[in-house]
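1. one predicted model, sequence on top.
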Amino acid sequence: MFVEVFSITYLLALVITVFTVLGTYLFLVKKEKKFQYRYLLVWSFLCFVLHFAKQLVYLDATQLSKSTAENICALSTMIFPFIMLFKKKNILHDFMFFIGVIGGLAGVIYPTEALGESIFTFETIRFYFSHISLLVIPLLLALLGLRVPDLKKWWLIPLCFLGYQFILMLNTALLTFTGMVKREGFTPFELFISRQYLNNSFTFGPTDDMGAVGKFIGNLTLPLMRKDILNINQGKETYWPVIWLLTPSYILLTPLYVLFTLPFNLKKQNKEKTKLVLNAKSNY
């Protein structure tokens, strides 16, 4: 059985995702808060370990790049456990909720790395487990009231996303300039700035295979930020690394964050109002 969009295996993965959310929520909802948090923390560290377990599949030193922060979801898998180690809630928890839900959903709805692969291979199972986890862990942190995303921090989310992109850029530099990743006909620098091979997370601009969606997002930035002003790319269209995403991030990510977090904040406000009313009645 191979993974193809709208195939039985594809639809089965969607069903498993829904049941994982519901099943885990029902399992944890009556537990103590400390147990809930530790359970999700251990889960996130398991994903962290599986990210490096990719090497058990490749068994090739030239494929070490697969266990680095090569894309948004890989980076999320690597840092989510350490964000959860912060006992005091901060903006990183808010961003973890946002990027986890988006990345996890995107991976399940359009499983790029799993398409055409057998469902019974270790890498396909790991791919689905990791992306379902990226969605489920932050979502349950919010649903269980452990780390409710703060609506007031909306203006910081695009900046966190740019921080993510900066880390991805550094990772790409590591892969290309150390020779961990090579491509015939490309110098390390040419491969570093190329939009078509390593940089599928918007760091250096949308790739051609993103089609109309990529073109739309690219047009949201300032025209100047698509020009090769330093003549490093033979005058071709060159997006300013990371910086070009500033305007598109505020235009696209801000309303999405508000949409995702509003239900949790309304629920929190209603609880606080109910608590105030009950306290007032008891004092009366």
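-> All right, it came through fine. Numbers count the residues shown, from 1 in each chain.

2. mind listing what's buried along the helix or strand residue 267 falls within?
-> Here residue 267 sits within helix 246-283, counting by DSSP states H and E. Within helix 246-283, the residues scored as buried using 16 or more other C-beta atoms under 10 Å are 246, 248, 249, 250, 252, 253, 257, 260, 261, 264, 268. Glycine gets a C-beta too; all of them are placed from N, C-alpha and C.

3. ok, the residues you listed vs residue 157, which is closest?
-> residue 257 (4.7 Å; C-beta to C-beta).

4. which residues touch that closest one?
-> For residue 257, the contact set (C-beta atoms under 8 Å, 6 or more residues apart in numbering) comprises 98, 149, 154, 157.

5. so residue 9 versus residue 81, what's the distance?
-> 29 Å (C-beta to C-beta, to the nearest Å).

6. swap that for residue 260, sorry
-> For residue 260, the distance to residue 81 - C-beta to C-beta - is 22 Å.

7. if we can go back for a sec, put the buried members of the contacts of residue 257 into a PyMOL selection.
-> Provided next is the PyMOL selection string for whichever of these are buried by 16+ other C-beta under 10 Å:
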select buried, resi 98+149+154+157
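
8. restricted to helices, list the contacts of residue 257.
-> 98, 157 (DSSP state H).

9. take the contacts of residue 257 and lay them out in CSV including pLDDT and distance to residue 49.
-> Output for the contacts of residue 257, formatted as CSV (pLDDT from 0 to 100; distance: C-beta to C-beta, whole Å):
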residue, pLDDT, distance to residue 49
98, 98, 24
149, 96, 27
154, 96, 33
157, 98, 28
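
10. and which of the contacts of residue 257 is nearest residue 166?
-> residue 157 (15.1 Å).

11. before we move on, the earlier item: I'd like the contacts of residue 257 laid out as JSON lines, including distance to residue 239.
-> Below are the contacts of residue 257 laid out as JSON lines (distance: C-beta to C-beta, whole Å):
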{"residue": "98", "distance to residue 239": "23"}
{"residue": "149", "distance to residue 239": "29"}
{"residue": "154", "distance to residue 239": "25"}
{"residue": "157", "distance to residue 239": "21"}
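
12. quickly name whichever of the contacts of residue 257 is closest to residue 33.
-> residue 149 (17.3 Å).

13. that closest one contacts residue 261, correct?
-> Yes. Between residue 149 and residue 261 there is a contact under C-beta atoms under 8 Å: 4.2 Å.

14. overlap of the contact sets of the two?
-> By C-beta under 8 Å, 6+ apart, the residues touching both residue 149 and residue 261 are 94, 97, 98.

15. how many neighbours does the second one have?
-> What that stands for is residue 97. 24 (other C-beta atoms under 10 Å).

16. relative to residue 236, which of the shared contacts of residue 149 and residue 261 is nearest.
-> Distances from residue 236 to the shared contacts of residue 149 and residue 261, taken by C-beta to C-beta, are shortest for residue 98, at 33.1 Å.

17. that's all I had, so thanks and see you.
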